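**Q** next input, structure requested:
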Amino acid sequence: MSTQEPFDALLRFAEIERLVSKIYYRFSHLFMTQPELRDFWWEMAKEEEQHACILHACRALVVNYEDDKLDPKINAAKADELREWLLAHLRRGTAELSVDESFRIALEVESSEVDAIYGKLLQLGGPQIAKTMENLGVPASAQRLKLKGALRRFTANPALIQAIARL
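**A** Residues are numbered from 1 along each chain as shown. This next block holds a predicted model:
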């Protein structure tokens, strides 16, 4: 008989943030011969890693949070779904990935539920803790602005340019 660990939203979604970070680290290695692009993806990866660390820190601050404060959409099934989706990107490999394809994947990730869930998890300890945690790293909104700027700089793909308006 096996007993399943209780769902820990902060730990599970910290793992999700780390998977996003891994994707962006891989992108940075893809574009080693293009320093601006390489550095952009490296910074994005570091910021996602910060988000994971912030969720761990938030967990330490709100050890006794009430599960009923969680949005019902933040559950083990959603964590598993996002984890598998991100792992599929990682399993795919990146040797043949174009600049446009890397931005398409990033747009997909950044417009997914990952950022919304991250923001909701920061709220578990209340507004004071949320503000403190957000100030520790780069907010998701600042990351999206950075992504929009990089898209404008590095691609002329009309579909991607159009997609930044929806980000």
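
**Q** tell me where the model's unsure across this structure.
**A** Counting by pLDDT under 70, the chain has low-confidence residues at 1-5, 63-69, 94.

**Q** tell me who's in contact with K120.
**A** K120 makes contact with L70, D71, I74 under the criterion CB atoms under 8 Å, 6 or more residues apart in numbering. (Each C-beta comes from the backbone N, C-alpha and C, glycine too.)

**Q** what do you get for D71?
**A** Contacts here follow CB under 8 Å, 6+ apart; on that basis D71 touches I117, K120.

**Q** from A14, how far off is the nearest residue to L136 once chain neighbours are set aside?
**A** Distance criterion CB to CB, 6 or more residues apart in numbering; nearest residue to L136, sequence neighbours excluded, is I54 at 5.4 Å. According to CB to CB, to the nearest Å, I54 stands 8 Å off from A14.

**Q** same thing with P6?
**A** Distance, P6 to A14, using CB to CB: 16 Å.

**Q** the two: who's more crowded?
**A** When P6 and A14 are compared on other CB atoms under 10 Å, the one with more neighbours turns out to be A14, at 22 against 7.

**Q** buried sites along whichever strand or helix holds L121?
**A** L121 belongs to helix 114-122 when assigned by DSSP states H and E. Of the residues in helix 114-122, those buried by neighbour count under the rule 16 or more other CB atoms under 10 Å are V114, D115, I117, Y118, K120, L121, L122.

**Q** quick check: closest non-adjacent residue to the second one.
**A** Nearest-residue entry for D115: A140, 4.2 Å, with adjacent residues in sequence omitted and distances by CB to CB, 6+ apart.

**Q** my guess is the one you found meets G119, correct?
**A** Yes: taking contacts as CB atoms under 8 Å, A140 lies within contact range of G119: 6.7 Å.

**Q** now for the buried residues of helix 114-122: which two are most distant?
**A** Of all pairs drawn from these, the one with the largest separation by CB to CB is V114 and L122; the distance is 13.0 Å.

**Q** surely T155 touches F103?
**A** Yes: taking CB under 8 Å as the definition, T155 is a contact partner of F103 at 5.7 Å.

**Q** those two: which has the busier surroundings?
**A** More crowded of T155 and F103, by other CB under 10 Å: F103, with 23 against 18.

**Q** sweet, I'm off.
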